[in-house]
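Undergrad: Predicted structure and sequence below. I'll ask about it afterward.
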Amino acid sequence: IILQRGNLMKEKNPWHKPVTIIITVIGVIAIVALVTVAVLQNRPLPQKYKYGIVLDAGSSHTALYIYEWPAEKDNNTGRVEQTHSCKVKGPGISSYASAPLKAGESLRACMQEAEQRVPGKRYHETPLYLGATAGMRLLNMENSSASEKVFQAVEEALQKFPFSYQGARILSGQEEGAFGWVTVNYLDDRLEQGLETTGALDLGGASTQISFVSDNYDGSESPSNSVTFRLYGNDYNLYTHSFLCYGKDQVLRMALAHQTQTGPESILDPCFHPGYNATKNYSILYDSPCVSDRKPQRAPVNFTHVGNGNFKQCQNVVKSVFNFTHCNYTHCSFNGIFQPLLQGPFGAFSAYYFVMNFLNLSDTSIPLETVKEKLARYCATPWNQIIQQHPDIKLKYLAEYCFSGTYILTLLTEGYNFTSDSYPNIKFIKKIKGSDAGWTLGYMLNLTNMIPAEAPDSPPLPHAGYVSIVTIMALLLLILFVVSLRPLWPRCSKQPQII
Ligand SMILES: Nc1ccn([C@@H]2O[C@H](COP(=O)(O)OP(=O)(O)OP(=O)(O)O)[C@@H](O)[C@H]2O)c(=O)n1
Ligand SMILES: [Ca+2]
């Protein structure tokens, strides 16, 4: 009986008619093809990258940074990342005033490294920028023809490389502060998502910048401190100020100049360790516009610099470089410079990080009072003990950490008005997601128009959602198609099935 039934079904099943089979196969192939084409067409392409190079010509040294981003996204939300950095050997370009050609030559090794890192076929479309900061600002003030010669030499050297050279120039203090703020907030994804922003604190060798957004600052009070941006559809009113001469190397000169005003041949310095003793040259000390007007008459050629390691006294020496006497605004930081009330978290980078990291004081959850006690103990440690504990650190750097730590704490608290309550809002940082914190990335993003003013139009659906919907629609079509063939279905219910 079962066999009989099987035979009956076989004979009567219209699905087995050749026309029906052909139509069904064509339908299925068409739908599979539709889904495949939709998926392949919208699959993200294999990533190709574009590159940009920025040289940070700082007062103490030059560094080269290479950035890369996915090629198809350069005017959109593509993430720009630092892929390589190179520290130029020797001092900053402003130190080559008397031998400008050497400034150009000094960049060669890092530029050759860049040639290795950027794929050859991208050379010609890779923009190359050089931005100089406070060292060149000071040289330009002091001797503008010397600074022009340094730029000429640097330009000639950079143009010899196959990249798309976009020029070398001095950044203004506002640009330096504002681009540092852009970098930090871009890397933290705060701009694209319109989140509360992070303030930026940058400490260099010759200048220092503070930049943040404050609700009670609309730019009307002291407009020269205001920078406005429209980024990803949001308006930002940024407060920024750059203090020329308040980088840590220039402040050290000012502090020494303060202590040598009377022109003694030996000074006892509380910011250097007990047992520290070095002979230094007066004219080198005063060889900077930050101190040149203080040079005592008939100064001897040399002076002996002796340390006595006293944090409290060092704080007083450091305070002497700030002027708190006048303020023509509602609030000031120092030297009569307007500053709105501090607001939000802050990222402190460059020398802030080098110094606080060296001193093991980069954790700001440690109470400010404890930080000061630890620093006081460090400053009081004898110099020979410090040398023994850090045999691999350059003596010039090592000698200055007590002074630099004291300067940083004084600048933050007395200068910018951070308190024990707001101190933990600061984070000492070097890198964010693999890219160095600093002005260079923000500078390049700006010059390549890589941050749109308006939020980019995003596709209404993410890729996975799009593929799922196409698949579901195709399946529905298949079902409809099968249902539409219903007249050809076996009329099972009308057949006597069970015998
Ligand atoms: N491992 C390091 C590296 C640098 N420094 C010090 O940090 C300061 C330089 O900081 P940096 O941000 O590199 O300054 P520049 O960019 O060169 O200076 P500016 O921004 O003022 O032009 C210098 O005093 C240098 O001696 C340090 O203490 N430890
Ligand atoms: Ca710098």
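TA: Received it, and whenever you're ready, just let me know what you need. Ligands and ions are numbered 1, 2, ... in the order given.

Undergrad: Okay, domains of the chain per the record?
TA: Per the record, the chain has its domains at 2-43+460-494, 49-170, 248-428, by automatic domain parsing.

Undergrad: so how far does the last one reach from one end to the other?
TA: When you say that, I think you mean domain 248-428. Chord length of domain 248-428, first to last residue, is 16 Å (CA to CA, to the nearest Å).

Undergrad: Can you confirm whether it lies near ligand 1?
TA: Yes - judged by CB under 6 Å from any ligand atom, domain 248-428 comes into contact with ligand 1 at 248-249, 350-351, 354-355, 397. For every residue, glycine as well, the C-beta is placed using N, CA and C.

Undergrad: Which of those sits closest to R137?
TA: Nearest to R137 among the residues of domain 248-428 next to ligand 1, counting by CB to CB, is D249 at 13.7 Å.

Undergrad: For the longest helix along the chain, name the packing helices and strands.
TA: Using DSSP state H, we find that the single longest helix of the chain is helix 18-42. Under the contact criterion of 3 or more CB pairs under 8 Å, 6 or more residues apart in numbering; DSSP states H and E, helix 18-42 touches helix 463-484.

Undergrad: and the helix it packs on, how far out from the chain's middle?
TA: Distance of helix 463-484 from the chain centroid (CA atoms, centre = their mean, to the nearest Å) equals 46 Å.

Undergrad: in the stretch 151-300 of the chain, which spans are helices?
TA: Taking DSSP state H, counting those that start in this stretch as the criterion, the stretch 151-300 of the chain carries its helices at 173-187, 248-259, 282-285.

Undergrad: ranking those helices by burial, who's on top?
TA: With neighbours defined as mean count of other CB atoms under 10 Å, the helices of the stretch 151-300 of the chain peak in mean count at helix 173-187, which reaches a mean of 26.

Undergrad: Quickly check: it near ligand 1 or not.
TA: No - against ligand 1, helix 173-187 shows no contacts by CB under 6 Å from any ligand atom, the least distance being 7.3 Å.

Undergrad: any idea how far Y407 is from P18?
TA: According to CB to CB, to the nearest Å, Y407 stands 91 Å off from P18.

Undergrad: The two: which has the busier surroundings?
TA: Taking neighbours as other CB atoms under 10 Å, Y407 and P18 compare with Y407 leading, 28 against 7.

Undergrad: Kindly confirm my reading that that one forms part of a helix.
TA: Yes - counting by DSSP: H, G, I helix; E, B strand; the rest coil, Y407 is located in a helix.

Undergrad: and it, what does it touch?
TA: 248, 251-252, 318 (CB atoms under 8 Å, 6 or more residues apart in numbering).

Undergrad: need these in CSV with distance to ligand 2, can you?
TA: Shown next, in CSV, are the contacts of Y407 (distance: CB to the ion, whole Å):
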residue, distance to ligand 2
K248, 11
V251, 14
L252, 16
V318, 21
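
Undergrad: Now tabulate those residues in TSV and tack on pLDDT.
TA: Below are those laid out as TSV (pLDDT from 0 to 100):
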residue	pLDDT
K248	98
V251	98
L252	98
V318	98
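
Undergrad: ok, so of those residues, who is nearest ligand 1?
TA: For those, the residue nearest ligand 1 by CB to the nearest ligand atom is K248; the value is 4.8 Å.

Undergrad: Assess the claim that the closest one and V355 are in contact.
TA: Yes - assessed by CB atoms under 8 Å, K248 is found in contact with V355 at 7.5 Å.

Undergrad: Name the residues contacting each of those two.
TA: 203, 404, 408.

Undergrad: Looking at the stretch 101-250 of the chain, which residue is nearest ligand 2?
TA: Among the residues of the stretch 101-250 of the chain, G204 lies closest to ligand 2, at 3.6 Å counting by CB to the ion.

Undergrad: List the contacts of that residue.
TA: By CB under 8 Å, 6+ apart, the residues touching G204 are 58-60, 133-134, 247-248, 350-351.

Undergrad: now with 7 Å?
TA: G204 sits next to 58-59, 133-134, 247, 350-351 when contact means CB atoms under 7 Å, 6 or more residues apart in numbering.

Undergrad: And for the closest residue to it other than its chain neighbours, the neighbour number?
TA: Nearest in space to G204, with sequence neighbours left out and distances taken as CB to CB, 6 or more residues apart in numbering, is G247 at 4.3 Å. G247: 29 surrounding residues under other CB under 10 Å.

Undergrad: these two touch, right, G247 and S207?
TA: Yes - using CB atoms under 7 Å, G247 makes contact with S207 at a distance of 4.8 Å.

Undergrad: which residues do those two both contact?
TA: Joint contacts of G247 and S207 (CB under 7 Å, 6+ apart) are A134.

Undergrad: where does D457 sit relative to L268, distance-wise?
TA: Distance, D457 to L268, by CB to CB: 67 Å.

Undergrad: Report the closest residue of the stretch 301-450 of the chain relative to ligand 2.
TA: Closest point on the stretch 301-450 of the chain to ligand 2, by CB to the ion, is S350, at 5.4 Å.

Undergrad: Tell me which residues touch that residue, please.
TA: Neighbours of S350 in contact, by CB under 7 Å, 6+ apart: 202-204, 438.

Undergrad: Backbone dihedrals for it, please?
TA: With angles defined as degrees, to the nearest 10, S350 sits at phi 50, psi -130.

Undergrad: Tell me, what's the model's pLDDT at it?
TA: With respect to pLDDT, S350 scores 98.

Undergrad: Show me what it is bridged to.
TA: S350 forms beta bridges with L203, as assigned by DSSP bridges.

Undergrad: Could you report the separation of the one residue sitting closest to the centre of the chain from ligand 1?
TA: Residue closest to the average C-alpha location in the chain (CA atoms, centre = their mean): A437, at 3.0 Å. According to CB to the nearest ligand atom, to the nearest Å, A437 stands 10 Å off from ligand 1.
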